[in-house]
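Asker: What follows is a predicted protein model with its sequence.
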Amino acid sequence: MYGATETGRTTGISYGSRIPTIWVDVKTGQGVTQDGTTVTPKIGDRRKAPNLTDLLDTAAGYGARRIMLCGEKPEPAPGVRHWLFVQTPGWKATGHKRSAPMVGRFEHIQTGQKVDVRTAGEWFPKVSDPDSDDDTPLPLKPWQAREAWNVTEAVIQGILPKQFLLYTPSRTGMSMWWQSLRRDSQKQLIIPPAIDRDIAADLHRTSGQHHVEHLVAGEYASQHPDFVPLIDPAKTPKIDTFSYVDGRFMYAALGRELGIGPGVRLNRAAAYDLMTTDPFARAWYEVRFTVPEGWRHIGILGVQHENPADGWFYPNRPGARHTTWADASEVAVALNAGWLIEPLQAIRWQKDKPLDTFMSRLNKARDAVEKNQELPWMLRKAVSSALRQILIQTVGSFASRGTTKTILVESALDIPAEYQGRATRHGKFFTYEAPGDRWESQNYRPELAVQVWGRGRARLLSAPTAQGTPAGGALRLPGESLIGVNGDAVYSTVVPEWSLPVTRGGGDDGNTGRLRIKGALRGSFKTPTTREARDRLRDRAEKAGPRGALTEEGAE
C-alpha cells in the first residue's frame with residue numbers, strides 16, 4: 001500500500017508493518033518465530049523431513065504470513081520438476097516467482113490465509129565464520145537470520161522511524177528513496193521528471209550492467225575474435241600470488257549528483273561538442289571506437305554480441321573497431337587511455353541530486369554497523385550485507401519494467417487463451433507466465449540505474465584513491481597480471497599498492513567507493529582457467545584477509 005504526501009498525491013512510500021514470520025531450516029523445518037518462540041514443524045505420517053505442505057501447515061499453525069527458508073537454498077535438480085510445482089493439499093498457489101530470488105505464494109483454501117515462501121539469502125547472503133578453520137561461506141541459521149533481520153530493521157528505523165523492512169530489499173529501498181526526495185514550499189515531493197518512452201526503449205536496448213570477464217585463456221574467456229586473453233595458462237601454468245580487490249559499498253559512491261530526465265537528444269555535432277568541452281557532463285553516448293595499436297590490456301567499452309542473449313564482450317584486440325553506447329564516465333576513461341572515440345549521438349541529462357540523500361543515509365547506516373564492535377562479527381556482516389542488498393536491488397529496480405509471476409494450474413483448460421502458446425507442463429500440472437505486480441511503474445527511472453552502472457564500469461578501470469585521481473583501478477595494473485573482473489572486483493597475480501590501507505602506504509583511506517584489498521594468497525597455485533577455480537581462490541583470499549597482502553601469513 002502506498003503512502004501519500006500531505007496534499008494527497010500518491011507516492012511510492014510504503015512504511016509497512018511487522019509481518020508474522022517463521023524462520024525455518026529448509027531441511028528440518030526447525031526454526032523460530034518473529035518473537036523468538038521455537039518452531040516445531042508439523043510433519044506428515046511416514047516422513048522424516050517436512051515437505052512443502054508441511055511447512056505451509058506449520059506456518060498456519062503459528063499464524064505466520066511468511067516462511068523464511070534458511071540454510072542452503074532449495075534448487076531444482078536438473079530434469080526434475082521444480083519443488084514449488086507440487087501438490088499442496090489444502091493450499092492453492094497464487095502465483096510464484098521462479099527467477100532469483102525465488103518466491104512461492106499460497107493461500108489456504110478454507111481459511112484464506114496467505115503465506116509467502118521466501119529465502120533468507122535474499123537479504124543475507126552467505127557469511128564466513130572467522131573463528132572456524134573452514135573458510136566456506138555459510139548460510140545463516142534460523143535464529144541468526146531472525147536476529148539479523150531485527151537488527152537491520154532497527155538500523156533502518158534509526159534513520160526513518162516509520163519504515164519497516166518490507167517483503168523485498170528493493171521495495172524497502174524504494175520506499176526509503178521516496179522519503180529522501182526534497183519537498184517544495186507547499187510540502188509536495190519534488191519528483192524527478194519521467195523520461196520519454198523512446199529514450200527509455202533506447203536505454204534498455206543499449207545498456208548493460210556490470211563488467212564481467214574472465215581474462216585467462218580457455219572456455220570461460222570470451223570467444224569473440226576481438227577479445228585477446230591476458231594470461232595464457234599454457235605459458236603460465238602456475239601463479240605465486242592471487243589478490244582480490246573489491247569496492248567498498250560502491251553504489252553509495254556512484255549515485256551522487258546524477259542526471260535526471262526527461263533527456264535531450266544530441267546529433268553528431270552536438271555530441272562531439274559536449275564530449276570535448278564538458279567531459280563531466282551527464283550523458284549517454286553512442287560512439288564508434290578503435291582499440292589503439294599495441295594495446296595489451298583489458299577492454300574498456302562493452303559491446304553486445306550479435307545475439308543479445310549471448311551478453312557482452314569487451315574488445316581489446318589492437319585495431320578492433322566497434323560501435324556501442326556508453327556513459328560519459330566510460331568515454332572519459334577510454335579517451336584518457338588513448339582510444340580513438342568518435343561520438344555519433346548522445347542523450348544529455350540535467351545534473352541534479354536525485355539519489356544523494358538516499359545513498360548518504362544507507363552509507364551512514366552501514367558505517368555505524370561496521371564500527372559497532374558490540375555486535376558479533378557474523379551479525380555485523382549479515383546486517384551490512386542486507387543494507388548492500390537494499391542498495392543494489394533498489395538501483396536495479398529503477399530499470400525494471402515490471403515483473404512476471406508463474407501461475408500453476410491442474411488443467412490446460414484453466415490456462416487463459418492468451419497464454420496457451422507459452423504454457424509448460426510439469427507432470428500433472430501446467431504453468432504459464434502472467435504479468436506480475438505493476439508496482440514498479442511509478443518507480444521506473446532507468447536513466448538513474450544506467451548512470452550508476454556506467455560509473456561502476458568506469459571506476460573498475462580507473463578509480464580515485466587517497467593518492468589522487470585516477471590512481472587505482474584495473475588499468476593501473478600490468479595487463480598480464482589480470483585474471484578477471486566482476487562488477488567492482490578485480491582478481492590479479494599482483495597486489496595493487498593503491499589498494500592497501502594508507503597506513504601501509506596505499507590509497508585506501510576507508511572512504512566509501514574505494515577499491516581496497518579484500519585478501520591475498522602467496523604460494524604456488526594453478527592458474528585458474530575457470531571462474532569456479534577463480535572463485536575458490538577468491539574465497540580463500542578473503543578468508544586470509546588483507547594480511548595476506550601485507551605479510552607472509554597468506555602464504556602456503
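Answerer: Perfect, I can see it now.
Asker: domain assignment for the chain?
Answerer: 1-15+126-191+355-401, 21-122+403-436, 204-352+448-554 (automatic domain parsing).
Asker: So for the last one, mean pLDDT?
Answerer: It stands for domain 204-352+448-554. For domain 204-352+448-554, the mean per-residue pLDDT is 94.
Asker: what's the answer for the first one, then?
Answerer: Along domain 1-15+126-191+355-401, the predicted local confidence has a mean pLDDT of 85.
Asker: related to what we said a few turns ago, any chance of the domains of the chain in JSON lines, plus distance to R197?
Answerer: C-beta here means a position set from N, CA and C on the backbone, and glycine is covered the same way. Listed next are the domains of the chain as JSON lines, based on distance: least, C-beta to C-beta, whole Å:
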{"stretch": "domain 1-15+126-191+355-401", "distance to R197": "11"}
{"stretch": "domain 21-122+403-436", "distance to R197": "18"}
{"stretch": "domain 204-352+448-554", "distance to R197": "11"}
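Asker: between these, which one is nearest to D198?
Answerer: domain 204-352+448-554 (9.0 Å; C-beta to C-beta).
Asker: can you map out the helices along the stretch 201-350 of the chain?
Answerer: 250-254, 268-277, 328-336 (DSSP state H, counting those that start in this stretch).
Asker: what angle separates the second one from helix 328-336?
Answerer: Here helix 268-277 runs at an angle of 70 degrees relative to helix 328-336 (axes from the mean of the first three to the mean of the last three C-alpha atoms, to 10 degrees).
Asker: Test my guess that T111 contacts G61.
Answerer: No - the pair T111 / G61 is not scored as a contact, 11.6 Å apart, by C-beta atoms under 8 Å.
Asker: which one of these two has more residues nearby?
Answerer: Of the pair T111 and G61, G61 is the one with more neighbours under other C-beta atoms under 10 Å, namely 13 against 9.
Asker: any idea how far the residue nearest to the spatial centre of the chain lies from V228?
Answerer: The structure's the chain has its C-alpha centroid closest to I392; by C-alpha atoms, centre = their mean the separation is 4.8 Å. With the distance defined as C-beta to C-beta, to the nearest Å, I392 ends up 31 Å from V228.
Asker: next one: Y444
Answerer: Per C-beta to C-beta, Y444 is found 39 Å from V228.
Asker: what does L460 give?
Answerer: On the measure of C-beta to C-beta, L460 and V228 end up 19 Å apart.
Asker: Pick out whichever of those two has more residues nearby.
Answerer: L460 (26 against 21).
Asker: Just the angle for the helix or strand hosting that one relative to helix 328-336, thanks.
Answerer: Secondary-structure assignment from DSSP states H and E places L460 in helix 446-461. For helix 446-461 against helix 328-336, the angle by the same axes, to 10 degrees is 30 degrees.
Asker: Can I get helix 446-461 as PDB, trimmed to CA atoms?
Answerer: Extracted C-alpha coordinates of helix 446-461, given in PDB (Å, rounded to 0.1, in the frame of the first residue of the first chain):
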ATOM      1  CA  PRO A 446      16.100   3.700 -16.000                       C
ATOM      2  CA  GLU A 447      18.300   6.700 -16.500                       C
ATOM      3  CA  LEU A 448      19.400   6.500 -12.800                       C
ATOM      4  CA  ALA A 449      20.300   2.800 -13.000                       C
ATOM      5  CA  VAL A 450      22.100   3.200 -16.300                       C
ATOM      6  CA  GLN A 451      24.300   6.100 -14.900                       C
ATOM      7  CA  VAL A 452      25.200   4.100 -11.700                       C
ATOM      8  CA  TRP A 453      26.100   1.000 -13.800                       C
ATOM      9  CA  GLY A 454      28.100   3.100 -16.200                       C
ATOM     10  CA  ARG A 455      30.000   4.800 -13.500                       C
ATOM     11  CA  GLY A 456      30.700   1.400 -11.900                       C
ATOM     12  CA  ARG A 457      32.200   0.100 -15.100                       C
ATOM     13  CA  ALA A 458      34.400   3.200 -15.400                       C
ATOM     14  CA  ARG A 459      35.600   3.100 -11.700                       C
ATOM     15  CA  LEU A 460      36.500  -0.600 -12.000                       C
ATOM     16  CA  LEU A 461      39.100   0.500 -14.600                       C
END
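Asker: Kindly spell out which helices and strands sit in contact with it.
Answerer: Packing partners of helix 446-461 (3 or more C-beta pairs under 8 Å, 6 or more residues apart in numbering; DSSP states H and E): helix 197-206, strand 238-247, helix 250-254, strand 259-266, strand 283-290, strand 321-327, helix 328-336, helix 377-397.
Asker: Partner strands of the second one, with direction?
Answerer: To tie it back to what came earlier, the one meant is strand 238-247. Strand 238-247 pairs in its sheet with strand 489-492 (antiparallel), strand 515-526 (antiparallel), by DSSP bridges.
Asker: list the buried ones in the helix or strand just after the last one?
Answerer: By that I understand strand 515-526. Later in the chain than strand 515-526, the nearest helix or strand by DSSP H and E is helix 531-544. For helix 531-544, the neighbour count (16 or more other C-beta atoms under 10 Å) marks 531, 533-534, 537-544 as buried.
Asker: Taking those residues together, which two end up most distant?
Answerer: R531 and A544 (20.0 Å).
Asker: Burial check on G259, number of neighbours?
Answerer: So G259, with other C-beta under 10 Å, has 23 neighbours.
Asker: Report the beta-bridge partners for it.
Answerer: Under the criterion used (DSSP bridges), G259 bridges to K351.
Asker: Pull out the buried residues from stretch 295-306.
Answerer: Of the residues in stretch 295-306, those buried (16+ other C-beta under 10 Å) are 295, 297-304.
Asker: make that stretch 517-533, sorry
Answerer: In stretch 517-533, the ones that count as buried by 16+ other C-beta under 10 Å are 517-522, 525, 527-529, 531, 533.
Asker: Just name the closest of those residues to E374, please.
Answerer: K518 (24.2 Å).
Asker: Enumerate every residue touching that closest one.
Answerer: 244-246, 541-542, 545-546 (C-beta atoms under 8 Å, 6 or more residues apart in numbering).
Asker: Most neighbours out of those residues, which is it?
Answerer: Busiest of these [other C-beta under 10 Å] is V245, holding 31 neighbours.
Asker: Does it touch E497 like I think?
Answerer: No - if you go by C-beta under 8 Å, V245 and E497 don't touch, sitting 11.2 Å apart.
Asker: pLDDT score for the closest residue to W83 other than its chain neighbours?
Answerer: Spatial nearest neighbour of W83, chain neighbours left out: P74 (5.5 Å); criterion: C-beta to C-beta, 6 or more residues apart in numbering. Confidence at P74, expressed as pLDDT, is 71.
Asker: What of the one 3 residues further on?
Answerer: Predicted confidence (pLDDT) at A77: the value is 65.
Asker: hmm, back to that, right, so the helices and strands packed on helix 446-461: which one is the most enclosed?
Answerer: helix 250-254 (a mean of 24; mean count of other C-beta atoms under 10 Å).
Asker: How far does stretch 31-46 sit from its chain's centre?
Answerer: Distance of stretch 31-46 from its chain centroid, counting by C-alpha atoms, centre = their mean, to the nearest Å, is 32 Å.
Asker: So what touches it?
Answerer: 18-25, 28-30, 49-51, 53-55, 57-58, 61-62, 64, 70, 142-143, 146.
Asker: mind listing which of these are in strands?
Answerer: Among those, the residues falling in strands (DSSP state E) are 21-25, 70.
Asker: who wins for neighbours among those?
Answerer: Going by other C-beta under 10 Å, V24 tops the ones in strands among the contacts of stretch 31-46 with 29 neighbours.
Asker: Thought L56 was touching that one, still the case?
Answerer: No - with contact defined as C-beta under 8 Å, V24 does not count as touching L56 (11.3 Å).
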